[in-house]
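> Here is a sequence together with a model predicted from it:
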Amino acid sequence: MAGTKIKITTSGKEYKPRTADLLAVIFKDDPVIRYMLSSLTAPQRQAYIQDYFHVLLKAAMLNDAIFQEADNFSSMAVWIKPGKKVVNYANIIQSGFIQTLFKLGFGGVKRMLVDFVSVSDAIKARQLKQKGIEKYYYLFFVGTVEESQGRGLAKVLIRKWQERSAEEGDFPIWLEATTPKSRDVYVKCGFEVLEEMTLGIGTHNADGDFEKGGEGVKLWAMLWQPSSKNASDL
């Protein structure tokens with residue numbers, strides 16, 4: 001991509017619909033998404049996943065998320081600002097999150113709010129406290145459409161945000177990688193793997209589907225700090 005200028009833009013709610021539609025396609029086979037939606041049959045999951053992403057991104061939008069895109073939505077990222085959360089009590093009804101919980105049933109609620117959110121939040125709280133970090137950006141989603149994969153667009157978006165984070169006040173960036181491939185991309189962008197977590201041990205396989213005695217779905221809690229590696233060095 002040397003010598004190629006990639007146009008990057010950011011917005012708020014205006015970008016939410018298109019971003020949700022595209023991310024639903026990009027993440028349709030993501031192990032963690034499959035795990036979250038494993039109460040549904042495969043046809044039900046494919047029919048519902050677009051609505052699911054619209055709910056997730058509406059919740060983020062209501063909490064003032066920033067939507068970033070590269071090369072006319074060939075790649076997109078959703079950023080949660082320091083001090084904000086994806087979902088809170090103020091937006092849980094407005095975002096449609098309640099309907100999602102009913103759709104997925106008790107098991108789906110447990111997978112989302114107990115197995116994932118409570119575990120990841122505990123890891124985050126522990127790691128950030130150890131490092132003395134109080135405010136940080138959270139990379140909620142980043143993904144590239146299939147026909148543009150391999151161009152390094154996700155890395156371009158992340159690097160751009162690393163520059164912004166450093167300029168705004170040396171804010172670190174937190175994320176959870178959901179595949180070894182994405183984890184390795186983040187490592188190349190200067191992120192450090194802090195902890196590995198596994199969801200659904202004994203109930204799900206590595207792809208996120210129900211399987212008795214399954215190994216579970218792995219995620220990696222990762223952190224980038226401005227002092228650890230500058231985006232210009234990548």
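Happy to help now that I have it.
> for the helix or strand containing Gly105, which positions count as buried?
Using DSSP states H and E, Gly105 maps to helix 97-109. For helix 97-109, a neighbour-count test (16 or more other C-beta atoms under 10 Å) marks 97, 100-101, 103-104, 108 as buried. (Each C-beta comes from the backbone N, C-alpha and C, glycine too.)
> isn't Gln68 right next to Ile158, touching?
No: contact criterion C-beta atoms under 8 Å: Gln68 and Ile158 do not qualify, at 9.5 Å.
> give me every residue that touches the residue lying closest to Ile33 once chain neighbours are set aside.
With sequence-adjacent residues excluded and distances taken as C-beta to C-beta, 6 or more residues apart in numbering, Ile33 is closest to Phe27, at 5.0 Å. Listed by C-beta atoms under 8 Å, 6 or more residues apart in numbering, the contact partners of Phe27 are 33, 49, 53, 141, 143.
> where do the contact lists of Gln68 and Ile158 overlap?
Ala77.
> the more surrounded of the two?
Counted by other C-beta atoms under 10 Å, Gln68 and Ile158 do not tie: Ile158 has more neighbours, with 26 against 23.
> list the contacts for Met61?
By C-beta under 8 Å, 6+ apart, the residues touching Met61 are 12-13, 16, 67.
> mean confidence score for the helix or strand encompassing it?
Taking DSSP H and E as the criterion, Met61 maps to helix 42-62. Per-residue pLDDT values over helix 42-62 give a mean of 94.
> Can you list the buried residues in it?
Buried residues in helix 42-62 (16+ other C-beta under 10 Å): 45, 48-50, 52-62.
> Is it correct that Lys218 falls within a strand?
Yes: according to DSSP: H, G, I helix; E, B strand; the rest coil, Lys218 belongs to a strand.
> Helix, strand, or coil at the closest residue in space to it that isn't next to it in sequence?
Leaving aside its sequence neighbours, Lys218 sits nearest to Thr198 (C-beta to C-beta, 6+ apart; 5.3 Å). Of the three states, Thr198 takes strand according to three-state DSSP.
> In this structure Thr198 contacts Gly216, no?
Yes: with contact defined as C-beta under 8 Å, Thr198 counts as touching Gly216 (4.2 Å).
> quick one: which of the two has more around it?
With neighbours defined as other C-beta under 10 Å, Thr198 and Gly216 compare such that Gly216 has more, 20 against 14.
> distance of the more buried one from Ser227?
For Gly216, the distance to Ser227 equals 34 Å [C-beta to C-beta, to the nearest Å].
> where are the low-confidence patches of this protein?
For the chain, applying pLDDT under 70 flags the ranges 1-4, 88-94, 96, 228-234.
> Would you state the helices of it in chain order?
Secondary structure of the chain (DSSP state H): helices located at 16-26, 31-36, 42-62, 97-109, 119-131, 153-169, 180-188.
> Does anything pack onto the helix holding Gly105? Which helices or strands?
Packed against helix 97-109, as judged by 3 or more C-beta pairs under 8 Å, 6 or more residues apart in numbering; DSSP states H and E, are the following elements: helix 42-62.
> run the last query once more with 10 Å
On a contact count with 3 or more C-beta pairs under 10 Å, 6 or more residues apart in numbering; DSSP states H and E, helix 97-109 meets helix 31-36, helix 42-62.
> could I get those helices as TSV with distance to Ala125?
Rendered in TSV, the data for the helices and strands packed on helix 97-109 read as follows (distance: least, C-beta to C-beta, whole Å):
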stretch	distance to Ala125
helix 31-36	20
helix 42-62	20
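> Could you tell me which residues touch both of Thr198 and Gly216?
Listed as contacting both Thr198 and Gly216 by C-beta atoms under 10 Å, 6 or more residues apart in numbering are 115, 204, 206.
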